[in-house]
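Visitor: model this:
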Amino acid sequence: QVQLQESGPGLVKPSQTLSLTCTVSGGSLTASCCAWGWIRQPPGKGLEWLGVMYNDGNAYYSPSLKSRTTITRDTSKNQFSLQLSSVPPDDTAVYYCARGNDLTYDYWGPGTQVTVSS
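Guide: Okay, the predicted model is just below:
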């Protein structure tokens with residue numbers, strides 16, 4: 001059974017960098033089947049895709065956030081991370097990590113609330 005768990009600060013000040021880590025169990029970041037992504041949901045809004053990293057380590061980002069987004073991974077720990085720089089209050093959201101498989105995200109973490117506020 002694949003499980004994902006997000007971790008990181010719940011409060012970030014405006015203009016700082018938001019950093020989250022997703023720990024994966026029951027699946028490998030380098031497995032050829034899959035990709036590993038980040039999605040968020042701001043309060044009262046729908047899901048927004050942020051980016052994805054494939055098994056070969058290549059990452060792709062939402063065009064609207066590309067200049068502020070970085071996804072990295074640590075295969076020795078089976079973790080992948082999201083960094084979102086220069087955050088405004090509008091980056092307040094529940095952030096999810098998820099596994100991509102065959103054009104869908106089939107396993108999700110429970111989500112973590114991040115609030116951007118001074």
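Visitor: residue nearest the centroid of this protein?
Guide: The residue lying closest to the centre of the chain (Cα atoms, centre = their mean) is residue 38, at 2.8 Å.
Visitor: looking at this, it is in a strand?
Guide: Yes: assigned with DSSP: H, G, I helix; E, B strand; the rest coil, residue 38 falls within a strand.
Visitor: list the contacts for it?
Guide: Applying Cβ atoms under 8 Å, 6 or more residues apart in numbering to residue 38 gives the contacts 20, 22, 49, 50, 51, 52, 71, 82, 95, 96, 97, 98. Just so you know, the C-beta spots here come from the backbone N, C-alpha and C atoms, and that holds for glycine as well.
Visitor: who wins for neighbours among those residues?
Guide: residue 97 (30 neighbours; other Cβ atoms under 10 Å).
Visitor: ok, back up a step: give me the subset of the contacts of residue 38 lying in strands.
Guide: 20, 22, 49, 50, 51, 52, 71, 82, 95, 96, 97, 98 (DSSP state E).
Visitor: Quick check, the second one in contact with residue 29.
Guide: No: in terms of Cβ atoms under 8 Å, residue 22 does not count as a neighbour of residue 29; the distance is 9.7 Å.
Visitor: Which neighbours do those two have in common?
Guide: 36, 79, 80.
Visitor: ok, and the closest non-adjacent residue to residue 21?
Guide: Sequence neighbours aside, residue 81 is the residue nearest to residue 21 in space, at 4.7 Å (criterion: Cβ to Cβ, 6 or more residues apart in numbering).
Visitor: now that neighbour: how far from residue 43?
Guide: 24 Å (Cβ to Cβ, to the nearest Å).
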